[in-house]
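Enquirer: how would this look folded up:
(one chain, ligands or ions: 1)
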Amino acid sequence: MSGSRSDDEAFDRVVRHIEDEVPFEPGYYNEAYLGRRISARMQRRDADNHTEYLQILRSDDSERDELLDALTINVTEFFRDPDMWENLLPVLRELTDERRRVAAWSAPCADGREPYSLQMVAADDPEVTERRLDVVATDISEDAVDAARAGVYETTRTTDIADELGPLDSYEPYVEQDGDTFRVRDRVREQVTFDTHDLIRDEPESEKDLLLCRNLLIYIDAAYKTPLFETLRASLREGGYLVLGKTESVPPECRDAFEPVAKRSRIYRHVGGE
Ligand SMILES: C[S@@+](CC[C@H](N)C(=O)[O-])C[C@H]1O[C@@H](n2cnc3c(N)ncnc32)[C@H](O)[C@@H]1O
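Expert: Predicted structure coming up:
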């Protein structure tokens with residue numbers, strides 16, 4: 001039945017149910033992404049079609065929480081795409097050399113591993129003036145921001161935190177390890193300010209020198225990409241830098257405003273323009 005017209009209608013009913021009953025905004029995301037996540041839950045619950053799944057969703061409150069969990073894309077890593085961090089070093093050196101204060105924004109920050117990576121490379125490189133760097137990190141999810149503030153990460157079957165921290169010669173000065181538990185040290189944690197922020201609905205920031213917006217655009221529905229990009233552009237000062245995820249790109253209508261600095265690492269410079 002999957003793929004038939006009545007199943008398509010049932011899929012739409014599942015999406016409407018999410019809109020009404022689950023604290024999640026399905027309209028932001030593209031259909032392929034929503035489809036994959038809902039199918040994964042259907043398989044777990046042995047539902048053969050979307051009508052059957054909707055019944056489960058209506059009658060079982062715990063499924064609503066499981067679905068919310070499946071829909072929240074919070075995959076992240078320390079030093080995700082190590083090449084990008086390599087290519088970001090000259091940018092950080094230049095910014096902290098030329099400006100008294102450097103305002104950096106990691107959005108979305110998920111559980112904090114991205115902004116902590118930024119703070120750690122700045123502390124670790126002798127040519128970056130770390131004390132000039134102010135890192136703010138935000139995410140739409142309150143749970144993600146709470147986890148980020150705590151700064152505690154576990155090595156599991158699928159996640160090797162020591163391996164993720166590999167790009168640092170030694171992570172000991174920044175992260176305390178106790179078996180499989182890794183705790184970001186206070187001297188790093190206290191340098192990063194966390195908050196919730198919705199990149200589509202909330203107001204832009206202003207005059208940022210560096211903005212990391214990685215691995216969100218890929219999930220966003222085409223209709224919301226331009227507003228999201230407008231937020232990014234308005235938040236950066238002219239001459240500031242934008243970093244996207246490895247498979248993301250600047251939408252054609254914004255290309256005049258962003259000049260590639262390290263193209264494969266998706267590091268761009270904001271060169272002005274409305
Ligand atoms: C895949 S993670 C990316 C984390 C990190 N930037 C990275 O590349 O590893 C995507 C994050 O986007 C957040 N998110 C989803 N919609 C958002 C929105 N409209 N505004 C801000 N954050 C959002 C999710 O909560 C999730 O933590």
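Enquirer: next structured bit after the top strand by length along the chain?
Expert: Longest strand of the chain, by residue count under DSSP state E: strand 236-244. Next helix or strand after strand 236-244 toward the C-terminus (DSSP states H and E): strand 258-262.
Enquirer: contacts for that following strand, please.
Expert: 84, 87, 91, 241-242, 250, 267-271 (CB atoms under 8 Å, 6 or more residues apart in numbering). C-beta coordinates here come from the backbone N, C-alpha and C atoms, glycine included.
Enquirer: wait, what's in contact with residue 74?
Expert: Contacts of residue 74 by CB under 8 Å, 6+ apart are 110-111, 141, 144.
Enquirer: break the protein down into its structural domains.
Expert: 5-71, 82-270 (automatic domain parsing).
Enquirer: first vs last residue of the last one, how far apart are they?
Expert: Chord length of domain 82-270, first to last residue, is 23 Å (CA to CA, to the nearest Å).
Enquirer: ditto for stretch 180-190
Expert: 23 Å.
Enquirer: which bits of this protein sit near the ligand?
Expert: Counting by CB under 6 Å from any ligand atom, the chain comes close to the ligand at 28, 72-76, 80, 108, 110, 114, 139-141, 144, 198-200, 214-216, 245.
Enquirer: derive a PyMOL selection command for the buried subset of those.
Expert: To isolate the buried subset of the residues of the chain next to the ligand in PyMOL, counting by 16 or more other CB atoms under 10 Å, use the following:
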select buried, resi 28+72+73+76+80+108+110+114+139+140+141+144+198+199+200+214+215+216+245
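Enquirer: surely residue 112 meets residue 148?
Expert: Yes. In this structure, residue 112 is within contact of residue 148 by CB atoms under 8 Å, at 2.9 Å.
Enquirer: before we move on, back to that, identify the neighbouring strands of the longest strand of the chain in the sheet and state each direction.
Expert: When pairing is defined by DSSP bridges, strand 236-244 lines up against strand 208-213 (parallel), strand 267-270 (antiparallel).
Enquirer: contacts for the first one?
Expert: Which is strand 208-213. Contacts of strand 208-213 (CB under 8 Å, 6+ apart): 91-92, 95, 99, 102-108, 114-115, 118, 199, 232, 235-237, 240-244.
Enquirer: please check the residues you listed and keep the buried ones.
Expert: Buried members of these, counted by 16+ other CB under 10 Å: 91-92, 95, 102-108, 114-115, 118, 199, 232, 235-236, 240-244.
Enquirer: for this structure, give me the ranges with low pLDDT.
Expert: Scanning the chain with the threshold set as pLDDT under 70 gives 1-3, 273-274.
Enquirer: what separates the residue nearest the centre of it from residue 195, distance-wise?
Expert: Geometric centre of the chain, nearest residue: residue 108, 3.6 Å, by CA atoms, centre = their mean. For residue 108, the distance to residue 195 equals 12 Å [CB to CB, to the nearest Å].
Enquirer: all set now, cheers.
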